[in-house]
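Give me a 3D structure for the following:
(one chain, ligands or ions: 1)
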Amino acid sequence: MVQKKAMYKDVVKTIGEDEEVSDYSEESDEELEPTKQKSRKNTDFDTGFDFLTSVEEYNEDKWNDLSKYVKRKAKYKTDDKISKVRQKRSLEEQDKIEDESPAKEQIYLSDDELKHDKIKVKQKKIKKQKETEADIFFEDVDIDTKDASFYQMNLSRPLLKAISQMKFVHPTTIQAATIPIALEGRDICGCAATGTGKTAAYMLPTLERLLYRPSSGIPVTRVLVLVPTRELGVQVYQVTKQLCQFTDIQIGLAVGGLDLKTQETVLRKNPDIVIATPGRLIDHLKSTPSFNLDAVEVLILDEADRMLDEYFAEQMNEIIKQCSRTRQTMLFSATMSEEVENLAAVSLSKPIRLFVDSNKNVAYNLRQEFIRIRAERESDREPILAALVCRVFKEHCMVFVQTKKQAHRLHIMLGLLGLKVAELHGNLSQPQRLEALERFKTKTVDILVATDVAARGLDIPGVQTVINFVMPVTIEHYIHRVGRTARAGRAGVSVSLAGESERKIVKEVIKNARNPVKNRIIPPDVLEKYRNKLEKLEPEIAEILQEEYNERQLSKVENQVNRAEKLLKGEAEEKRPWFQTKKQRQEEKNRLDSTFQKNKSDKKEKTKFKGKSKEAPNDKVSDELSKVALAQARLAKRKHKPKRINTVREETTTFGGKLGKKQKSFFGEKNDNTKIRTIKKSSNFKSKAKFKSGAKNKKGGKTFGRPQQKKNR
Ligand SMILES: Nc1ncnc2c1ncn2[C@@H]1O[C@H](COP(=O)(O)OP(=O)(O)OP(=O)(O)O)[C@@H](O)[C@H]1O
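Below is the predicted model:
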């Protein structure tokens with residue numbers, strides 16, 4: 001373990017030895033306690049820290065490049081409503097509130113609110129953790145990250161130049177392990193903690209190989225990167241743009257919500273790399289002439305466990321069967337489910353398993369805190385959250401919730417308290433989503449309330465705190481959520497509100513924690529104060545929600561009228577083909593949404609009580625908790641479902657498979673350390689030559705995806 005700690009310190013050592021970085025780790029005495037709001041200066045951001053470039057630099061230019069994909073402008077109506085209500089209130093209570101004017105001090109904190117929270121260390125005896133197979137493997141493997149250097153990896157000059165411009169000094173462990181092997185063209189299943197640089201780990205060798213593509217002839221798309229969310233697609237696009245800024249490699253972005261026509265124009269030119277979300281990619285495959293995946297030689301699944309779960313199953317199957325069977329496939333995530341590993345074992349060709357962290361590890365520098373909510377005090381979640389973000393975690397804080405409705409409500413509630421807040425979830429338009437993210441990145445807002453759409457992969461520099469308003473569905477969800485902070489060697493804090501029904505997952509977190517976690521207790525009188533504050537806000541929240549409801553109804557009617565007008569003029573709506581029929585799509589939706597029946601009955605219940613507008617305090621979070629519980633029940637049901645015997649040949653299973661092979665046997669190489677070292681040392685000449693000559697991998701037999709069929713397009 002000690003050895004392992006040392007290893008991590010090396011990985012994240014880009015912070016200069018003499019630089020001061022807050023230490024929130026167990027050894028630290030520094031507790032995070034309430035403070036008065038500091039006056040806002042840019043120096044809030046640790047300017048001396050040069051792990052990444054500055055926030056401004058991070059967003060510079062890349063956003064402009066992206067702007068071609070964003071045609072509509074985002075409208076921020078909720079914030080206007082919040083400030084209108086606040087202005088009205090300040091007029092009513094002129095004498096008092098004016099002193100607390102947001103310009104002078106964002107939120108006024110009385111002395112009693114500054115009372116310290118109680119922090120208790122959860123005394124977990126750190127038992128020597130049982131070493132998993134992966135631990136044993138990586139304890140032994142001589143991946144020498146200390147001395148590893150990008151310069152010894154046979155990367156070409158334009159890439160090295162980009163690396164140095166991005167201020168990457170040493171490769172991280174996953175990069176040191178992946179790059180040489182990926183350059184060999186091998187299939188990889190890679191797992192490393194959040195924020196350890198997996199994007200560059202798979203992208204650098206891919207770009208290197210692309211530099212050796214045949215220079216003449218018509219352009220073809222050779223690399224496909226699939227990601228589960230639109231925001232992550234945008235981010236991978238931006239990082240790739242940076243990495244290949246000194247090359248002539250072309251990149252296309254095909255994610256949902258962004259302008260279809262612009263994407264079509266880009267895809268028609270067959271860019272070397274396409275970064276896509278599955279749904280939008282299928283849409284283009286069906287509707288964009290001359291764009292196809294026939295020539296894809298490298299397929300990368302970022303957040304592989306998510307990409308291969310049942311929600312994406314049908315779409316992934318449709319995409320994968322269109323890629324060349326002799327491609328190189330790389331799967332990456334901070335969490336790998338057993339299913340993915342098994343699937344990879346049978347579907348990839350002699351894959352190498354690179355597990356730098358066990359798939360239950362949170363980031364090394366993360367300090368984990370919990371706040372216990374007693375059964376009868378579920379209604380305290382909102383006051384607790386308000387007390388946390390108003391007093392302690394005022395800046396660069398992400399709050400995760402389970403439902404879009406709750407995200408919106410909290411945006412209004414915290415906004416009315418005087419905080420600068422944005423929301424991010426699937427009910428917003430894509431321009432609104434990107435704008436919210438941008439405002440949080442550039443620190444225009446301090447708090448981002450988000451659903452799990454922001455939980456995976458997003459790399460937002462300087463996120464200091466992640467708050468879980470309710471515990472997520474699984475420990476994997478938890479790892480990804482809290483992984484938005486403590487990235488790339490920085491310190492970060494997570495605070496999770498945990499009720500009685502959520503204790504199981506808390507226990508699991510504690511069991512997997514490298515260091516003991518902490519218990520935070522907010523003083524009862526502080527909590528009482530926030531309960532009262534929020535109670536007074538209820539009519540204002542209701543007013544804003546009502547106004548928004550009226551607006552929605554109005555625009556619904558307007559839309560109907562517009563549609564009717566179009567029909568009368570004989571302008572039919574453009575219908576885009578899809579790989580499933582409408583019926584199949586609906587059936588799949590119903591199958592996946594176990595809440596379907598429940599929602600139906602809920603709706604009936606709700607209509608019964610129509611007119612009763614005031615929610616009981618517990619109802620405010622009951623939707624949140626019941627959604628988590630339902631998802632957990634569904635997962636448990638699936639887990640306990642007996643596995644079916646294959647009565648048909650394995651080729652017909654979802655992602656294909658090799659007949660007669662024992663699933664895990666393909667990972668035989670994982671313990672073969674010498675082999676990994678040998679591969680590391682050998683040059684990447686072979687793989688370059690392969691691209692150069694355009695020769696296809698003769699190994700064959702990659703059955704990830706059904707056997708390729710002749711396409712008649
Ligand atoms: N070698 C390096 N040196 C310094 N910084 C690096 C290096 N590699 C990556 N980074 C930075 O680390 C941060 C995290 O990288 P990235 O988003 O690829 O992590 P990840 O492992 O994919 O995380 P997640 O599991 O959350 O998706 C980024 O800001 C990136 O610029």
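
which ones are touching the nearest residue to residue 576 once chain neighbours are set aside?
Spatial nearest neighbour of residue 576, chain neighbours left out: residue 287 (5.4 Å); criterion: Cβ to Cβ, 6 or more residues apart in numbering. For every residue, glycine as well, the C-beta is placed using N, CA and C. Residue 287 makes contact with 264, 576, 577, according to Cβ atoms under 8 Å, 6 or more residues apart in numbering.

nearest to the ligand, of those?
Nearest to the ligand among the contacts of residue 287, counting by Cβ to the nearest ligand atom, is residue 264 at 28.5 Å.

Phi, psi for the closest one please.
Here is the backbone geometry of residue 264 (degrees, to the nearest 10): phi -60, psi -40.

One more: residue 489?
According to degrees, to the nearest 10, residue 489 has phi 90, psi 0.

Low-confidence regions, the stretch 451-600 of the chain specifically.
Along the stretch 451-600 of the chain, segments meeting pLDDT under 70 span 572, 593-600.

still on that earlier bit, of the contacts of residue 287, which is the most crowded?
Using other Cβ atoms under 10 Å as the neighbour criterion, residue 264 leads the contacts of residue 287 with 16 neighbours.

Skip the chain neighbours and tell me the closest residue to it.
Computed as Cβ to Cβ, 6+ apart, the closest residue to residue 264 that is not its neighbour in sequence is residue 288, at 4.9 Å.

any idea how far the ligand is from the residue nearest to residue 576?
Residue 287 sits at a distance of 30 Å from the ligand (criterion: Cβ to the nearest ligand atom, to the nearest Å).

got the buried residues for stretch 409-429?
Using 16 or more other Cβ atoms under 10 Å as the test for burial, stretch 409-429 gives 409-425, 428.

Report the distance from that stretch to the chain centre.
Using Cα atoms, centre = their mean, to the nearest Å, the mean C-alpha position of stretch 409-429 is found 19 Å from that of the whole chain.

end-to-end on that stretch?
Stretch 409-429 stretches 17 Å from its first residue to its last (Cα to Cα, to the nearest Å).

what's the average pLDDT for it?
pLDDT averaged over stretch 409-429 equals 96, rounded to a whole number.

correct me, but the residue nearest to residue 264 touches residue 265?
No - using Cβ atoms under 8 Å, residue 288 is not in contact with residue 265, being 9.3 Å away.

quick one, which of those two is more surrounded?
Remark: of residue 288 and residue 265, residue 288 carries more neighbours, 17 against 13, as counted by other Cβ under 10 Å.

residues touching that one, list them.
With contacts defined as Cβ under 8 Å, 6+ apart, residue 288 is in contact with 263, 264, 267, 268.

switch the cut-off to 10 Å
Listed by Cβ atoms under 10 Å, 6 or more residues apart in numbering, the contact partners of residue 288 are 254, 260, 263, 264, 265, 266, 267, 268.

do the same with residue 481
The neighbours of residue 481, taking Cβ under 10 Å, 6+ apart as the test, are 194, 362, 398, 400, 450, 452, 454-456, 466-468, 471-472, 494, 496.

Take the residues you listed and keep only those in strands.
Those of the contacts of residue 481 mapping onto strands are 398, 400, 450, 466, 467, 468, 494, 496, per DSSP state E.

can you count the residues close to residue 209?
Residues near residue 209, counting by other Cβ under 10 Å: 24.

That one contacts residue 202, correct?
No - using Cβ atoms under 10 Å, residue 209 makes no contact with residue 202, being 11.3 Å away.

List the residues that are in contact with both of those two.
Common contact partners of residue 209 and residue 202 (Cβ under 10 Å, 6+ apart): 182, 223, 298.

okay if I get the residues you listed as TSV plus distance to the ligand and secondary structure?
Shown next, in TSV, are these (distance: Cβ to the nearest ligand atom, whole Å; DSSP: H, G, I helix; E, B strand; the rest coil):
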residue	distance to the ligand	secondary structure
182	15	helix
223	17	strand
298	17	strand
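
quick check, nearest of these to residue 482?
residue 182 (28.0 Å; Cβ to Cβ).

Enumerate every residue touching that closest one.
Residue 182 makes contact with 188, 190, 201-206, 208-209, 298, 300, 328, 330, 352, 354, 684, 687, according to Cβ under 10 Å, 6+ apart.

still on that earlier bit, which members of the ones in strands among the contacts of residue 481 are the farthest-apart pair?
450 and 496 (14.9 Å).

This protein against the ligand: which residues are in contact?
14, 51-52, 168, 170-172, 175, 192, 194-200, 334, 457, 459, 483, 487-488 (Cβ under 6 Å from any ligand atom).
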